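Engineer: need coordinates for the following:
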Amino acid sequence: MIKEFKEFALKGNVLDLAVGVVIGGAFGKIVTSLVNDIITPLIGLLLGKVDFSNLFISLNGSHYATLQDAKAAGAATLNYGLFINSIIDFLIIAFSIFMVIKQLNRFKRKQAEVKPEVTTKECPHCITSIPIKATRCPNCTSMLEGAQPAHS
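Structural biologist: Numbering: from 1, shown residues only. Reported below is the predicted structural model:
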């Protein structure tokens with residue numbers, strides 16, 4: 001069983017997935033920082049200096065100046081500002097992934113369009129690969145279709 005697990009764990013797909021998860025985690029942190037530290041403050045400034053991280057509703061009816069004060073008092077809160085940050089975070093990540101996939105698809109289409117020039121054909125008699133301009137198979141010496149017999 002250990003041998004099978006080792007084979008599974010060392011397959012290319014598993015390693016690629018592991019690398020993708022690590023890079024995705026790091027990318028997620030970058031996007032979260034972008035949202036929390038740059039985009040959300042700019043949106044808040046445009047909307048009249050609103051701090052999204054401090055947008056909440058206290059469920060016990062009391063009023064608290066900040067979310068930290070409400071948490072320190074042990075109040076239950078609906079943190080809709082943090083939810084807005086999470087939505088912005090998701091949209092940026094989803095858009096980034098969309099752009100990466102779009103580029104990959106474009107590259108794949110270009111590769112599919114660039115087909116290598118055919119330089120060989122198959123001999124119909126011995127089924128070996130021969131140069132496309134050959135008129136006689138060098139392996140079985142058969143005359144090929146379309147070939148003109150040599151006149152002496």
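Engineer: can you tell me which helix in the protein is longest?
Structural biologist: helix 80-113 (DSSP state H).
Engineer: just the local confidence number for residue 12, please.
Structural biologist: The confidence metric pLDDT takes the value 64 at residue 12.
Engineer: sort out which residues of the longest helix of the chain are buried, please.
Structural biologist: Within helix 80-113, the residues that qualify as buried are 81, 82, 84, 85, 88, 89, 92, 93, counting by 16 or more other C-beta atoms under 10 Å. Backbone N, C-alpha and C define where each C-beta goes, glycine included.
Engineer: for that helix, packing partners?
Structural biologist: Using 3 or more C-beta pairs under 8 Å, 6 or more residues apart in numbering; DSSP states H and E as the contact criterion, the secondary-structure elements in contact with helix 80-113 are helix 12-33, helix 40-46.
Engineer: report the angle between that helix and helix 12-33.
Structural biologist: Going by axes from the mean of the first three to the mean of the last three C-alpha atoms, to 10 degrees, helix 80-113 is angled at 140 degrees with respect to helix 12-33.
Engineer: residue 53 against residue 37, yeah?
Structural biologist: No: at 10.8 Å, residue 53 and residue 37 do not qualify as touching, with contact defined as C-beta atoms under 8 Å.
Engineer: show me which of those two is the more surrounded one.
Structural biologist: In this comparison of residue 53 against residue 37, neighbours counted by other C-beta atoms under 10 Å, the higher total goes to residue 53 at 17 against 9.
Engineer: perfect, I'm done here.
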